[in-house]
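Enquirer: Sequence and predicted structure, then a few things I'm wondering about:
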Protein chains: 2
Amino acid sequence: MRRVLLLVEYDGTGFAGLQRQRPGLRTVQGTLEEAIARLGGPPKAVAAGRTDRGVHALRMPFHADLPEAIPKERLPAALNRHLPEDLKVVGAEEVPPGFHARRDAKSRTYLYRLLVREAPVVLERNRVFWVRPPLDLEAIRAALPHLLGRHDFSGFAVREEREPLRTLLEARLEEAGEEVRLVFKGESFLRGQVRGMVGALVTLGRGRLSLEEFARILKGGRSPAWAPPQGLYFLEAEY
Amino acid sequence: MRRVLLLVEYDGTGFAGLQRQRPGLRTVQGTLEEAIARLGGPPKAVAAGRTDRGVHALRMPFHADLPEAIPKERLPAALNRHLPEDLKVVGAEEVPPGFHARRDAKSRTYLYRLLVREAPVVLERNRVFWVRPPLDLEAIRAALPHLLGRHDFSGFAVREEREPLRTLLEARLEEAGEEVRLVFKGESFLRGQVRGMVGALVTLGRGRLSLEEFARILKGGRSPAWAPPQGLYFLEAEY
C-alpha cells in the first residue's frame, strides 16, 4: 500500500452530502470508498472538506491508501471504472505515508454561482441560485472586505460546538453576463458558513440589509438568510 | 384569441426530442401544448426549429394562440405554473395573426459546446461533448470559412428527402478555458447538420481528416462522425 491524494469532481444533486452516514444512504465518501475497496485498498477516504447535500465539488482532495501495483497515472481510470457518472477522480498524486487531506490543508477555496435574471432558470437549475433583479452588485462588492481576516464567523454558520474563529484570505465577485460568481478562500470554514455569507450578501444586494447590519453579523449577530446548496462548489484546497 | 411568440428554454436530457410524437412519449412540443390548453388556448404550438433527443434550447421560438384575457406580461408566469422544471417560457410577445414561427424565421443560431480535457466530465456531462486533448483548434478555425455561403450540406445531415442547399451565414470558434464553443448561424439547417459539421471538425482537429477531405464533404462526400446531442443548443431565431 502507499498513500495517494485523489482529486474528485462530483455533482452533489444525487448525494446525501459528502460524509459517510448510515448504510443505504448514498454519499460521496461512501461511493468513493467502495471503489477503493474494489481495487484492494482499505475502504477509507479522508476529504479536505465537508459538503452538504446538493453541494458540488470540482477538485475535492481525498487521501486514501491503494496497492502499489497500480501505477499512479493509471489510478484515475482504474477507480473511475467503479465510479458512477456523477462522481469521478480527475487527478491523483503520491504523498508521504503520514499525509492527511484535512489536517494538512493550508487553505480551501469555494465558489458560489448566482444567476440574476427575470426568467426562471432551466438548464442551470441544479447548478446556480436563481436571483431576480435588481441586485446591487456594488453594494455586495463594498461588503466583501469586511469579511477578510480573522473573525468569529459563527453568525454565518450552522450552530455547533466548534472554534468560531476562522481566517478568510480572499473574497471576490466576478460578473459574466447574467452570472455572478463569488469566490471565497480561507484557511478553513465553519459548516454552512459560505451559504450564510452568500445569503447575507444577497439580502444586502436586494436592499434589505444595511452594510452596518451586515458587519454586525461578525460581532455576535446572525445572518438573515442561507443561500441554497446547488449554487455552491468546493473548488480546491492548497497544501 | 390572439397569436403570441413564446421563447422557450429547455433541458433536452429528459425529452424524446422537440416534435410531438405518439401519446405517452414526453416531447417539448407536447409538454408546451398541454400547458397552453390549460390556459384555454388551442393545443398547438409551432416551433422555429426542430431538435432531437438530448439537444437543448435557450430561446426556442414557438407561436401559439392564447386567450386575450391574459396580459402579455403575465403569460410566461401563467404558462410556467403548468410547465415542469426542465422546460420554461422565458419570454413572450404579441405577433400578427398570420405570424408563423418556422416559415417567418430569417435565420437560426446554434451553439455547440466541447469540453477538451483529460479527465472525464462530471458536472457538465449532459451539457457538453467531452473531447480528450490534443485538439488542433487552429486547424478547426481554418476549416470554418469553407462552410460559409450556399452549399449542398447533405453530407453533414441525416439522409432524408429535403432540399439540400442551405445558406450558412456565420461560423465561429470561441475558447474559454477548457471549453470550446462553436457557433453557427444559418438561414436554415438540415436535420443533423450541426452535429455532422461538428463531428467532422473534431475529426479534423484530431488530425484524422485533412482540410481537403473536409471540403469534399460539401461536394458529395459524407461526414466521418456525428457529435453527440448533449453538446448542442438552439440559441435563437431572428425574424
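Expert: Structure's in. What do you need?
Enquirer: does A:Gly91 belong to a helix or a strand, and which?
Expert: strand A:87-94 (DSSP states H and E).
Enquirer: Chain A: helices as residue ranges?
Expert: For chain A, the helices defined by DSSP state H occupy A:28-38, A:75-80, A:137-143, A:193-205, A:211-216.
Enquirer: neighbouring contacts of the fourth one?
Expert: Judged by C-beta atoms under 8 Å, 6 or more residues apart in numbering or on different chains, the contacts made with helix A:193-205 from elsewhere in the structure are A:110, A:112, A:114, A:129, A:131, A:135-137, A:139-140, A:143-144, A:147, A:153, A:155-157, A:166, A:182, A:184, A:209-211, A:214, A:217, A:223-229, A:231-232. Every C-beta, even on glycine, is put in place using the N, C-alpha and C of the backbone.
Enquirer: what do you get for the second one?
Expert: The contact list for helix A:75-80, computed with C-beta under 8 Å, 6+ apart, reads A:4, A:6, A:32, A:35-36, A:39, A:66, A:70, A:88-92, B:119-120.
Enquirer: Kindly indicate which of the residues you listed lies nearest A:Arg50.
Expert: Set against A:Arg50, the nearest of those by C-beta to C-beta is A:Leu32 (13.8 Å).
Enquirer: Okay, the closest residue to the closest one other than its chain neighbours and chain B: tell me how far apart.
Expert: Spatial nearest neighbour of A:Leu32, excluding adjacent residues (C-beta to C-beta, 6 or more residues apart in numbering or on different chains): A:Ala45 at 4.8 Å. Going from A:Ala45 to chain B by C-beta to the nearest C-beta, to the nearest Å gives 17 Å.
Enquirer: circling back: out of the helices of chain A, which is the most enclosed?
Expert: Most buried of the helices of chain A by mean neighbour count (mean count of other C-beta atoms under 10 Å in any protein chain shown) is helix A:193-205; its value is a mean of 24.
Enquirer: ok so, going back, just the buried subset of the contacts of helix A:193-205, written out for PyMOL, thanks.
Expert: To isolate the buried members of the contacts of helix A:193-205 in PyMOL, using 16 or more other C-beta atoms under 10 Å in any protein chain shown:
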select buried, chain A and resi 110+112+114+129+131+135+139+140+143+144+147+153+155+156+157+166+182+184+209+214+217+223+224+225+226+227+229+231+232
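Enquirer: Now narrow the contacts of helix A:193-205 to whatever sits close to chain B.
Expert: Near chain B, judged by C-beta under 8 Å from any C-beta of the partner chain, there are no entries from the contacts of helix A:193-205.
Enquirer: surely A:Trp130 meets A:Arg113?
Expert: No - if you go by C-beta atoms under 8 Å, A:Trp130 and A:Arg113 don't touch, sitting 10.3 Å apart.
Enquirer: Run through the strands of chain A in chain order.
Expert: A:2-10, A:46-47, A:56-66, A:87-94, A:107-116, A:129-131, A:149-152, A:165-176, A:179-186, A:232-238 (DSSP state E).
Enquirer: For the ones you listed, give me TSV that also has mean pLDDT and distance to B:Gln19.
Expert: Output for these, formatted as TSV (pLDDT from 0 to 100; distance: least, C-beta to C-beta, whole Å):
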stretch	mean pLDDT	distance to B:Gln19
strand A:2-10	98	35
strand A:46-47	98	45
strand A:56-66	98	33
strand A:87-94	97	34
strand A:107-116	98	29
strand A:129-131	98	29
strand A:149-152	98	57
strand A:165-176	97	34
strand A:179-186	98	31
strand A:232-238	98	36
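Enquirer: how about these in JSON lines, adding distance to B:His56?
Expert: Listed next are these as JSON lines, based on distance: least, C-beta to C-beta, whole Å:
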{"stretch": "strand A:2-10", "distance to B:His56": "21"}
{"stretch": "strand A:46-47", "distance to B:His56": "32"}
{"stretch": "strand A:56-66", "distance to B:His56": "20"}
{"stretch": "strand A:87-94", "distance to B:His56": "22"}
{"stretch": "strand A:107-116", "distance to B:His56": "16"}
{"stretch": "strand A:129-131", "distance to B:His56": "17"}
{"stretch": "strand A:149-152", "distance to B:His56": "42"}
{"stretch": "strand A:165-176", "distance to B:His56": "19"}
{"stretch": "strand A:179-186", "distance to B:His56": "17"}
{"stretch": "strand A:232-238", "distance to B:His56": "21"}
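Enquirer: Could you list the domains of chain A?
Expert: Here the domain parsing of chain A from automatic domain parsing is A:2-94, A:107-238.
Enquirer: can you put those in JSON lines and add distance to B:Gly205?
Expert: Output for the domains of chain A, formatted as JSON lines (distance: least, C-beta to C-beta, whole Å):
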{"stretch": "domain A:2-94", "distance to B:Gly205": "22"}
{"stretch": "domain A:107-238", "distance to B:Gly205": "26"}
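Enquirer: Chain A against chain B: which residues are in contact?
Expert: Near chain B, when you scan chain A using C-beta under 8 Å from any C-beta, you find A:9-11, A:56, A:58, A:76, A:80, A:85-91, A:119-120, A:122-123, A:125, A:127.
Enquirer: And those residues, which of them are buried?
Expert: For the residues of chain A next to chain B, buried by 16+ other C-beta under 10 Å: A:9-11, A:56, A:58, A:76, A:80, A:86-90, A:119-120, A:122-123, A:125, A:127.
Enquirer: Relative to A:Val28, how far out is A:Glu80?
Expert: Slight slip there: residue A:80 is Asn, not Glu. A:Asn80 sits 14 Å away from A:Val28, going by C-beta to C-beta, to the nearest Å.
Enquirer: Which elements pack onto the strand holding A:Gly91?
Expert: On a contact count with 3 or more C-beta pairs under 8 Å, 6 or more residues apart in numbering or on different chains; DSSP states H and E, strand A:87-94 meets strand A:2-10, helix A:28-38, helix A:75-80.
Enquirer: That one pairs with which strands?
Expert: strand A:2-10 (antiparallel) (DSSP bridges).
Enquirer: Tabulate the helices of chain A (JSON lines), appending distance to B:Arg22 and mean pLDDT.
Expert: Shown next, in JSON lines, are the helices of chain A (distance: least, C-beta to C-beta, whole Å; pLDDT from 0 to 100):
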{"stretch": "helix A:28-38", "distance to B:Arg22": "38", "mean pLDDT": "98"}
{"stretch": "helix A:75-80", "distance to B:Arg22": "38", "mean pLDDT": "98"}
{"stretch": "helix A:137-143", "distance to B:Arg22": "49", "mean pLDDT": "98"}
{"stretch": "helix A:193-205", "distance to B:Arg22": "45", "mean pLDDT": "98"}
{"stretch": "helix A:211-216", "distance to B:Arg22": "56", "mean pLDDT": "98"}
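Enquirer: can I get those in CSV with distance to B:Leu201?
Expert: Formatted as CSV, those follow (distance: least, C-beta to C-beta, whole Å):
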stretch, distance to B:Leu201
helix A:28-38, 35
helix A:75-80, 27
helix A:137-143, 38
helix A:193-205, 39
helix A:211-216, 49
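Enquirer: For the residue lying farthest from the centre of chain A, give me phi and psi.
Expert: Distance from the C-alpha centroid of chain A, by C-alpha atoms, centre = their mean, peaks at A:Ala69 (32.4 Å). Dihedral pair for A:Ala69: phi -60, psi -20, per degrees, to the nearest 10.
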